[in-house]
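how would this look folded up:
(one chain, ligands or ions: 1)
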Amino acid sequence: MRGGSSWRGARGAPLGLALLLGACAATPPARPAVAPVSPALQATTWTYGSAEAAMLAETSFRALVDKAESRLGALHFGSGFESAIVRDLEGDKVRLRECDLSFHRPAVVFDIDETLAWNMGAQADQARRAAGFDPRRWDQWEREGGELLVAVPGAVAAVEALRRLGITPVFNSNRSAAHAAETARALARLGFGAAVHGETLWLAGDADGSSRKHGRRVAIAERYCVLAQVGDQMGDFVDAIDFAPDGRRHSPAERTRMAAGVFARLWGERWFLIPNPIYGRWNDPPLSLDDVVPESARWTPKEE
Ligand SMILES: [Mg+2]
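Prediction:
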């Protein structure tokens, strides 16, 4: 559009200016400006606009309720029961924290963003600007965007079903603790019921001052018998997929190997994943095709 406007301006220019423009005739016309396109545009439209994404989320939430109900039936007072929270890794063996119904109420732990609630407004704003994540803008969104959050398909029905079974939903999010009231209000408005900061709502820095969720998971496991966890990032379930014991960040291949290896038995049984191709550690730093397509799988058409 901007290229078209400049041509109209040249035709209507005074003679002197027209001569000057004529002297520049050999210069190729400037290309019309192209609006920047967000690398996350397609992932954003798929997540919020496709039946496929909606049904994947529905599938996970339905499986969650089925599995949580059957786990609840297997709980006994006074007996050691494996929760959905990892205690430690011994070689390639995962040990889960145990709980006792005599002391702990049953619960399911949920992440919030892109797990229970879609941040359409913030993600569309970012995609339109073709910009990266802006912490200040996100902080503003947490304060102002609660009324615009949209429940992920299947999420409200699942939380309601769990509450009817006597299972407490506990929310573990990296939203700011300074905005606890706004987040609790947004959850209630969406239909997820009450969330009490420090009891059923845990936010960034709670428990151990960290943005990683392990300390909060431990604090929750000391209060509840956690039947299942639900999230859209590996860090919603365990830190060990993203980070080695010495703090080194795992590569994308290492993350996949761990998720599908030592933790394999938990997916679909104790851990339930909601699709989010828009953002996450899987793409930080952004992956290239060479990172994900091995040499042995690359294809170039043969010459005809
Ligand atoms: Mg999330």
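
mind listing what's buried in stretch 101-111?
By 16 or more other C-beta atoms under 10 Å, the buried positions in stretch 101-111 come out as 104, 106-111. From N, CA and C alone the C-beta is placed, and that goes for glycine too.

nope, stretch 57-76 is what I was after
Buried, per 16+ other C-beta under 10 Å, within stretch 57-76: 57-61, 64-65, 67-68, 71-72.

P277 and A43 touch, don't they?
Yes. Here P277 reaches A43: they are 4.0 Å apart, a contact under C-beta atoms under 8 Å.

interface residues of the protein facing the ion?
111, 113-115, 232 (C-beta under 5 Å from the ion).

and the residue lying closest to F192 once chain neighbours are set aside, how many neighbours does it have?
Spatial nearest neighbour of F192, chain neighbours left out: V159 (5.1 Å); criterion: C-beta to C-beta, 6 or more residues apart in numbering. A count of neighbours around V159, defined by other C-beta atoms under 10 Å, yields 26.

and the host helix or strand of V159, average pLDDT?
Here V159, judged by DSSP states H and E, is contained in helix 155-164. Average pLDDT, helix 155-164: 98.

Tell me the first helix or strand C-terminal of it.
On the C-terminal side of helix 155-164, the closest following helix or strand by DSSP H and E is strand 168-176.

Run through the strands of this protein in chain order.
81-90, 93-99, 105-110, 117-118, 150-151, 168-176, 201-204, 224-231, 271-273 (DSSP state E).

how about stretch 219-239: buried residues?
Buried positions in stretch 219-239, judged by neighbour count with 16+ other C-beta under 10 Å: 219-221, 223-239.

S60 and P286: what is the separation?
Distance of S60 to P286, computed by C-beta to C-beta, to the nearest Å: 26 Å.

What residues of stretch 198-206 count as buried?
Buried residues in stretch 198-206, counting neighbours by 16+ other C-beta under 10 Å, are found at 200-204, 206.

Output it as PDB, restricted to C-alpha atoms.
Coordinates of each C-alpha in stretch 198-206 appear next as PDB, following Å, rounded to 0.1, in the frame of the first residue of the first chain:
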ATOM      1  CA  GLY A 198      -0.800 -20.200  49.300                       C
ATOM      2  CA  GLU A 199      -3.400 -23.000  49.500                       C
ATOM      3  CA  THR A 200      -4.900 -23.800  46.100                       C
ATOM      4  CA  LEU A 201      -3.100 -21.100  44.100                       C
ATOM      5  CA  TRP A 202       0.700 -21.200  43.800                       C
ATOM      6  CA  LEU A 203       2.600 -18.500  41.800                       C
ATOM      7  CA  ALA A 204       6.100 -17.600  40.700                       C
ATOM      8  CA  GLY A 205       8.500 -17.400  43.700                       C
ATOM      9  CA  ASP A 206       6.100 -19.000  46.200                       C
END
